[in-house]
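Asker: I need the structure of the sequence given here:
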Amino acid sequence: MHTGAPFTPPSQLRRKLARSISLLVALGLCGPLHAAGQNSTKLAQSTGGGPILVLGDSLSAEYGLARGSGWVALLQARLSRQAPHYSVVNASISGETTSGGLSRIAALLSRHQPVIVLVELGGNDALRGLDLAATENNLRQIVRQSRHSGARVALLGMQVPPNYGKRYADWFAAMFPRIATSEGAALVPFLLEHIAERGDYFQPDRIHPTVAAQPVMLDNVWPVLRQLL
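Answerer: Residues are numbered from 1 along each chain as shown. Here you go, the predicted structure:
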């Protein structure tokens with residue numbers, strides 16, 4: 001014969017549970033049962049979500065593309081399916097340099113309070129033949145300010161043709177892993193991987209990728225970004 005605790009009817013259990021919850025609420029030991037769903041921001045924070053800021057140039061600003069077809073827009077769509085507590089703020093401007101990005105980053109960090117910052121800058125500096133020491137310093141300052149704000153950072157690496165000589169192009173390409181290593185940022189080695197060698201993936205200017213290349217750009221970014229989510 002079973003000699004455990006006596007059987008308690010379900011109706012009595014429900015009444016006891018209700019009295020226990022009421023007592024906890026009265027003592028301030030728990031809030032209303034619906035409180036957990038009232039603040040979506042707190043929910044996002046508790047599950048690791050928040051804004052992702054993309055600070056870039058025309059490669060991220062949908063230059064020559066229909067709105068909503070660039071890799072950043074595709075990123076938002078993917079996050080909506082796979083990591084819905086994250087959102088994307090695209091602060092990219094066509095023609096932007098690292099100097100311009102540095103001048104904007106503090107205000108962007110304050111306004112959007114991103115949890116992740118993707119830095120896609122430097123290409124316009126190189127195309128204009130600017131001093132790469134200044135470019136590197138600008139990128140370092142952007143990364144430092146972003147990390148100081150509490151955000152995780154990924155640098156999106158770039159390469160340029162040797163218009164200004166092989167030494168300049170090599171120094172430019174090596175700058176991104178050097179900064180990422182010393183500043184504690186993640187690195188996408190080359191945003192245009194699997195694209196740069198394909199003429200059909202570029203618009204007539206031979207600089208800006210076509211709409212067909214945008215999913216490839218996202219796939220180049222995604223493995224690194226996923227580790228930061």
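
Asker: next SSE downstream of the worst-scoring helix or strand of the chain on mean pLDDT?
Answerer: One helix or strand of the chain scores below all others by mean pLDDT, DSSP states H and E: helix 40-46, with a mean of 38. Counting by DSSP states H and E, the element after helix 40-46 in chain order, helix or strand, is strand 50-56.

Asker: what's the first-to-last distance across stretch 89-108?
Answerer: 10 Å (Cα to Cα, to the nearest Å).

Asker: contacts for it?
Answerer: 51-61, 63, 72-73, 112, 114, 119-122, 124-125, 128, 130, 134-135, 138-139, 141-142, 145-146 (Cβ atoms under 8 Å, 6 or more residues apart in numbering). Where you see a C-beta, it was placed from the backbone N, CA and C, and this is true even at glycine.

Asker: rerun that using 7 Å as the cut-off
Answerer: 51-58, 60-61, 63, 72, 112, 114, 120-122, 124-125, 135, 138-139, 141-142, 145-146 (Cβ atoms under 7 Å, 6 or more residues apart in numbering).

Asker: keep only those of these that are in strands.
Answerer: 51, 52, 53, 54, 55, 56, 120 (DSSP state E).

Asker: identify the bridge partners of the second one.
Answerer: Spelled out, it's residue 52. residue 88, residue 116 (DSSP bridges).

Asker: any idea how far it lies from residue 132?
Answerer: Residue 52 sits 27 Å away from residue 132, taking Cβ to Cβ, to the nearest Å as the criterion.

Asker: where exactly do the strands run in the chain?
Answerer: Using DSSP E, strands in the chain cover 50-56, 86-90, 116-120, 152-156, 186-188.

Asker: mind listing what's buried along stretch 209-226?
Answerer: 209, 210, 213, 214, 216, 217, 218, 220, 221, 222, 224, 225 (16 or more other Cβ atoms under 10 Å).

Asker: pull out the CA atoms of it and give them to me as PDB.
Answerer: What follows is stretch 209-226, C-alpha atoms only, in PDB (Å, rounded to 0.1, in the frame of the first residue of the first chain):
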ATOM      1  CA  PRO A 209      28.800  45.000 -56.900                       C
ATOM      2  CA  THR A 210      25.500  44.100 -58.600                       C
ATOM      3  CA  VAL A 211      22.400  42.900 -56.800                       C
ATOM      4  CA  ALA A 212      23.500  39.300 -57.600                       C
ATOM      5  CA  ALA A 213      26.600  39.700 -55.600                       C
ATOM      6  CA  GLN A 214      24.800  40.900 -52.400                       C
ATOM      7  CA  PRO A 215      24.000  37.500 -51.000                       C
ATOM      8  CA  VAL A 216      27.600  36.500 -51.500                       C
ATOM      9  CA  MET A 217      28.700  39.600 -49.500                       C
ATOM     10  CA  LEU A 218      26.300  38.700 -46.700                       C
ATOM     11  CA  ASP A 219      27.600  35.100 -46.700                       C
ATOM     12  CA  ASN A 220      31.200  36.500 -46.300                       C
ATOM     13  CA  VAL A 221      30.100  38.500 -43.300                       C
ATOM     14  CA  TRP A 222      27.700  36.100 -41.600                       C
ATOM     15  CA  PRO A 223      30.100  33.500 -40.100                       C
ATOM     16  CA  VAL A 224      32.000  36.200 -38.300                       C
ATOM     17  CA  LEU A 225      28.900  38.100 -37.200                       C
ATOM     18  CA  ARG A 226      27.200  34.900 -36.000                       C
END
